[in-house]
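K.L.:
make a model of this:
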Amino acid sequence: MRLRLRYKLLGAAAALGLAAAGTVVALAMPANAHGALQIPGSRTWLCYEDGLTSTGQIIPNNPACAAAIAQSGTTGLYNWFAVLRSDGSGRMAGFIPDGKLCSAGATNFDFSGFDLNRLDWPITHLTSGATIQFQYNKWAAHPGTFRLYITKDGWDQSAPLSWDDFETTPFSSAPDPPSIGDPGSVNSYYYWTGTLPQKTGRHLIYSVWQRSDSTETFYGCSDVVFDGGNGQVTGMGPGSGSPTPTPTRTVSPTPSRTTSSPSPSPSRTVSPTPSRTTSSPSPSPSRTPTPPPTGGAGCQATYQVTSSWPGNFQANVTVTAGSAAIRSWTVTWTFANGESISQIWNGTLSGSGGNVSVANIGYNGALSAGGSTSFGFLASGTPGTVSGLTCTST
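P.N.:
Below is the predicted model:
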């Protein structure tokens, strides 16, 4: 089975302001951040996604993410791509202490909350032995090698993470892989194709990006479960909160807390998030009234403007299957005020002028009855209610 998991992520053109109770709060800015594994997503990346609101605040839904924020604060999440050691030189065991693998013992920002030993982190569902395209954010471009390690069968999930929990050799490595996009944006990333190891149940993938032009090294933890999935991410967003499972020592990997079917329900594809910079105008959070879902029996679409700032806005479209499963979908609409899409993620854009058509990407076309997915975009112009919003499916 070949999995091609390519998320279109939001670029750095948008800068969101944070306003609450009439008080403007300055966001922590990424000062020395360079990247993190996004497929499969690292803890910092997925927790950032889980908690980001339309106002720019981070309010966690996932209980593990909430616990990490309670311990470390949100600064680390606004710098989710900065888990690094400037003196790393690619070192692992004997350099980063046991129990601090996910934070790498970093001192630039406090990531210690992401070392918490919990089983309810956001988790990516994968298929054992499948081919996958790994993606690692390229906030800054550096030559170097990426290495991915996997936990051993029967690793002790009840104890703090240690180097003894991992296989000693990487299951995938990539020296100077190709990349897409310009540095300094969230939709730029290095990518390479690899084969997932033969595993079952819960595991943890540990990523190491070792620069070849300096000693600086980046580290990260990605929670995964091998249950026949194709890249769905669960445990995120509203409704994901649940009591913390109590870790128990196991001989075989512990099954995921979600269903073990190939398409866990509910599931969530990672949505892009706005990059933060001080050089762009700070938008005023706004929401355009959401029209009722439209579409036929096959699928329905809901359009919503999630934020806007002078001359630009961000919107999200949710696609929901009807009473039967669908294999693919296409959403069309017409902009009435000359709006123009500049960036899009989780969908393929076509059409001309104000007539917009967005089709699914390979990984988010198939939906079970009642299942949903979403795509989003950045656009120029003044947001308004769209006309002719239609969803068709096969």
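K.L.:
now for the residue nearest to A174 when sequence neighbours are not counted: which residues touch it?
P.N.:
Beyond its immediate neighbours in the sequence, the residue positioned closest to A174 (CB to CB, 6 or more residues apart in numbering) is W192, lying 3.9 Å away. C-beta coordinates here come from the backbone N, C-alpha and C atoms, glycine included. With contact taken as CB atoms under 8 Å, 6 or more residues apart in numbering, W192 is in contact with Q133, F134, F146, S172, A174, P177, P178.
K.L.:
just flag the most distant two among these.
P.N.:
Greatest spatial distance in the contacts of W192: S172 and P178, 15.1 Å, computed using CB to CB.
K.L.:
compare these two and say which is more crowded by neighbours.
P.N.:
In this comparison of S172 against P178, neighbours counted by other CB atoms under 10 Å, the higher total goes to S172 at 19 against 9.
K.L.:
let me know the pLDDT of that one.
P.N.:
We note a pLDDT of 96 for S172 in this prediction.
K.L.:
now swap in R257 and tell me
P.N.:
At R257, the predicted lDDT confidence score is 34.
K.L.:
check G376 too.
P.N.:
According to the per-residue confidence, G376 scores 77 in pLDDT.
K.L.:
my reading is that it lies in a helix. Confirm?
P.N.:
No - going by DSSP: H, G, I helix; E, B strand; the rest coil, the assignment for G376 is strand, not a helix.
K.L.:
how many residues are close by it?
P.N.:
One way to gauge burial is a neighbour count; for G376, by other CB under 10 Å, it gives 22.
K.L.:
ok, P177 next?
P.N.:
17.
K.L.:
give me the phi and psi for the closest residue to it other than its chain neighbours.
P.N.:
Counting by CB to CB, 6+ apart, P177 lies nearest to W192, which is 4.1 Å off, once chain neighbours are set aside. With angles defined as degrees, to the nearest 10, W192 sits at phi -160, psi 160.
K.L.:
ok, what's across the strand from W192?
P.N.:
According to DSSP bridges, the partner residues bridging W192 are F134.
K.L.:
tell me the pLDDT at it?
P.N.:
We have a pLDDT of 95 for W192.
K.L.:
can you check A20 too?
P.N.:
Reading off the per-residue confidence, A20 sits at a pLDDT of 35.
K.L.:
cool, and M236?
P.N.:
For M236, the model assigns a pLDDT of 89.
K.L.:
how about N346?
P.N.:
The per-residue confidence score, pLDDT, reads 74 for N346.
K.L.:
quick one, phi/psi of it?
P.N.:
Main-chain dihedrals, N346, degrees, to the nearest 10: phi 60, psi 20.
K.L.:
I figured it was touching F377, is that so?
P.N.:
No - using CB atoms under 8 Å, N346 is not in contact with F377, being 9.3 Å away.
K.L.:
neighbour count: these two, which is higher?
P.N.:
The residue with more neighbours, out of N346 and F377, is N346; 25 against 22, by other CB under 10 Å.
K.L.:
now the nearest residue to the more buried one once chain neighbours are set aside: how far from G381?
P.N.:
Counting by CB to CB, 6+ apart, the nearest residue to N346 once its immediate chain neighbours are dropped is F375, at 3.9 Å. Taking CB to CB, to the nearest Å as the criterion, F375 is separated from G381 by 19 Å.
K.L.:
which one of the two is surrounded by more residues?
P.N.:
In terms of neighbours (other CB under 10 Å), F375 is the more surrounded of F375 and G381; the figures are 27 against 17.
K.L.:
having no further points to raise, I will conclude here.
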